[in-house]
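**Student:** Could you look at this predicted model? Sequence included:
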Amino acid sequence: MMRLRRIGALVRRHYYLYCGSLSRIVDMVYWPLMSLALWGFLSAYLQQSRLDLPAVVPVFLGALILWDVLFRSQIGVCMVFLEEIWSRNLVGIFISPLSTGEFVAAQLLVGFLRTLISSGAMVLLAALAYGFNLFDMGFALVGFYVNLIVMGWSIGLIVTGMVLRFGQGAEGMAWAIIFFFQPISAVFYPVSALPVWLQPLSLATPAASVFEGMRAVLSHGSFDTGLMVRAVGLNIVYVAVGASFFAIMLRLARRDGQLVTIGE
Amino acid sequence: MADSPSVLEVEGLTKSYRNTLAVDGLSFALAPGEIFGLIGANGAGKTTAISMVLGLVTPTGGRIRIFGLDPEKHRRKVLARMNFSSPYVALPQRLTVLENLRVYADLYGVPHPRARIDALCRQFDITDLRHKRYGQLSSGQKTRVSMAKALLNDPGLLLLDEPTASLDPEVAESIRGYLLSYRETRKAAIVVSSHNMQEVERVCDRLLILKQGKTVAQGSPREVLARYGSTDLETLFIAIMRKGQA
């Protein structure tokens, strides 16, 4: 009960922040909708060009929406932490009875809620403007969505740990790091399209399995259980690495006094 | 240590960063209802010492006991019974005063948060500011809101960094009066870090002067002044800080 109240307190803090900041709300949906509009028109054009590409519109738009889930999940986790640094509130949070686990839980929950809002807007636009219904994927969508959320959380925790350790100099990583994963996550093309030497790296990301699985569902209507199992297995490793990294960085930050000086 | 009468016990507390010894063997203890002044020039080690008590910085050596407990092992239990206020630590700027206090009331598990917030708002004369964004307040108003936040959980140990900075003399005096009555009614131990020597003399039962991480003097203001043959703390403080500089 108490634990939930403390987690809820941080969620409430971000709810208040977003309710009082139109620019933050617009930011959450503006970019996803703009990129969807761009890719939607491109996909429609390719479809009309009668190129030998399978299910261009659903594959591209599905990939774009799911990619945004991964990106928003990761950035959402980072933003919770960065907002505390920007408002010089981190010390207040860390001297409260909120445990590290509760702080991380709140981070993940806020990240998830942000993702729901932006992907909700994208799903709506895709349905209204391009007649693409993401829910046509059926129950497989739940598996894809959850795996991407969890991968985003893991990367978000690593970035948060880096900001803790290296200060605001590492802040740019919050926006940049996910784009390292984009080319190897096989978002818009199959893993086989990558150079052979890059394919093992691609297969080591949960996202590649998700996007391969998504294409199988949208192009052939078949759900590949093996890909889903691999994504879940990799995510277990990613979460363990992300959480451990964050915990180690927090310990080092306490040792070196960075919790006090961060943001100065 | 569970039956320790001290609210806070610090023994041989040391913190070093690579080549710098920030705090060197600091020792003191605080009884319930005691106000303790931690004074020293900028960079003397006051903030580091307070940060170690708050669990923000890991000590290199020494021991801390809060309410008789090891804060490393009983972090949550200890933090729930203490609080901190500093003009250098802000609250979220875009949230209103009421929203900020509500968030912290939940973080500290304050029972009946609305009633507690109302009482503190009246106490610190910030009722009219409740729906204003924290970022729009003057620095004096922010200090009062920060004090209200620090008292939300009715702490048994209160750490205050420059509690009356940016306040006009009248409000500063009312805050000092409140601290004196709070320690009386709550039997709370209060650590005050301040550069205002008159304030330290006025409210502190005992004080500790830090210089380059080391304890230079410790005792009641009267004892410390007598030991150095000084008439006021400000003159003594300047003399101690200048000693060895020539």
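**Tutor:** Yes, it's here. Worth saying up front: this structure is predicted, and the values here are computed from it rather than measured.
**Student:** Which positions within stretch B:23-39 qualify as buried?
**Tutor:** B:23-24, B:26, B:28-30, B:33-39 (16 or more other Cβ atoms under 10 Å in any protein chain shown). No exception for glycine: its C-beta is placed from N, CA and C like everyone else's.
**Student:** so which of these would you say is closest to chain A?
**Tutor:** B:V23 (10.9 Å; Cβ to the nearest Cβ).
**Student:** hang on, that closest one is in a strand, isn't it?
**Tutor:** Yes. Applying DSSP: H, G, I helix; E, B strand; the rest coil, one finds B:V23 inside a strand.
**Student:** Name all residues that make contact with it.
**Tutor:** With contacts defined as Cβ atoms under 8 Å, 6 or more residues apart in numbering or on different chains, the neighbours of B:V23 are B:13-15, B:45, B:48-49, B:52, B:59, B:210, B:213.
**Student:** Apply 7 Å and report the result again.
**Tutor:** Neighbouring residues of B:V23 by Cβ atoms under 7 Å, 6 or more residues apart in numbering or on different chains: B:13-15, B:45, B:48-49, B:213.
**Student:** what bridges to it?
**Tutor:** Judged by DSSP bridges, the bridge partners of B:V23 are B:K15.
**Student:** Any chance you could list what contacts the helix or strand of chain B with the lowest mean pLDDT?
**Tutor:** Taking mean pLDDT, DSSP states H and E as the measure, chain B has helix B:233-242 as its least confident helix or strand, at a mean of 89. The contact list for helix B:233-242 (Cβ under 7 Å, 6+ apart) reads B:39, B:41, B:197, B:200-201, B:209, B:211, B:216, B:221, B:225, B:228, B:230.
**Student:** now swap in stretch B:186-195 and tell me
**Tutor:** Where contact means Cβ under 7 Å, 6+ apart, the residues beyond stretch B:186-195 that reach it are B:7-8, B:30-39, B:46, B:50, B:154-163, B:179, B:182-183, B:200, B:203-204.
**Student:** which strands and helices sit next to whichever helix or strand A:F166 is part of?
**Tutor:** Assigned by DSSP states H and E, A:F166 belongs to helix A:140-166. The contact analysis (3 or more Cβ pairs under 7 Å, 6 or more residues apart in numbering or on different chains; DSSP states H and E) places helix A:140-166 against helix A:56-86, helix A:100-130, helix A:173-184, helix A:206-220, helix A:225-256.
**Student:** For that helix, could you pull out the residues that count as buried?
**Tutor:** Residues A:140-141, A:143-165 are the ones in helix A:140-166 that count as buried (16+ other Cβ under 10 Å).
**Student:** coming back round to it: most neighbours among the contacts of B:V23, which one?
**Tutor:** B:A49 (28 neighbours; other Cβ atoms under 10 Å in any protein chain shown).
**Student:** Tell me who's in contact with the residue in chain B that chain A sits nearest to.
**Tutor:** Across chain B, the shortest distance to chain A (Cβ to the nearest Cβ) belongs to B:D106, at 3.4 Å. B:D106 makes contacts with A:5-6, A:8-9, A:12, B:113, as judged by Cβ under 7 Å, 6+ apart.
**Student:** sorry, back to before: quick check: the two most widely separated of the buried residues of stretch B:23-39?
**Tutor:** Maximum pairwise distance in the buried residues of stretch B:23-39, criterion Cβ to Cβ, is 28.9 Å, between B:D24 and B:G33.
**Student:** mind putting the buried residues of stretch B:23-39 in JSON lines, pLDDT, secondary structure and distance to A:I93 included?
**Tutor:** What follows is the buried residues of stretch B:23-39, written out as JSON lines (pLDDT from 0 to 100; DSSP: H, G, I helix; E, B strand; the rest coil; distance: Cβ to Cβ, whole Å):
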{"residue": "B:V23", "pLDDT": "95", "secondary structure": "strand", "distance to A:I93": "24"}
{"residue": "B:D24", "pLDDT": "95", "secondary structure": "strand", "distance to A:I93": "30"}
{"residue": "B:L26", "pLDDT": "96", "secondary structure": "strand", "distance to A:I93": "26"}
{"residue": "B:F28", "pLDDT": "96", "secondary structure": "strand", "distance to A:I93": "27"}
{"residue": "B:A29", "pLDDT": "96", "secondary structure": "strand", "distance to A:I93": "29"}
{"residue": "B:L30", "pLDDT": "96", "secondary structure": "strand", "distance to A:I93": "25"}
{"residue": "B:G33", "pLDDT": "95", "secondary structure": "coil", "distance to A:I93": "29"}
{"residue": "B:E34", "pLDDT": "96", "secondary structure": "coil", "distance to A:I93": "28"}
{"residue": "B:I35", "pLDDT": "96", "secondary structure": "strand", "distance to A:I93": "27"}
{"residue": "B:F36", "pLDDT": "97", "secondary structure": "strand", "distance to A:I93": "26"}
{"residue": "B:G37", "pLDDT": "96", "secondary structure": "strand", "distance to A:I93": "27"}
{"residue": "B:L38", "pLDDT": "95", "secondary structure": "strand", "distance to A:I93": "24"}
{"residue": "B:I39", "pLDDT": "93", "secondary structure": "strand", "distance to A:I93": "28"}
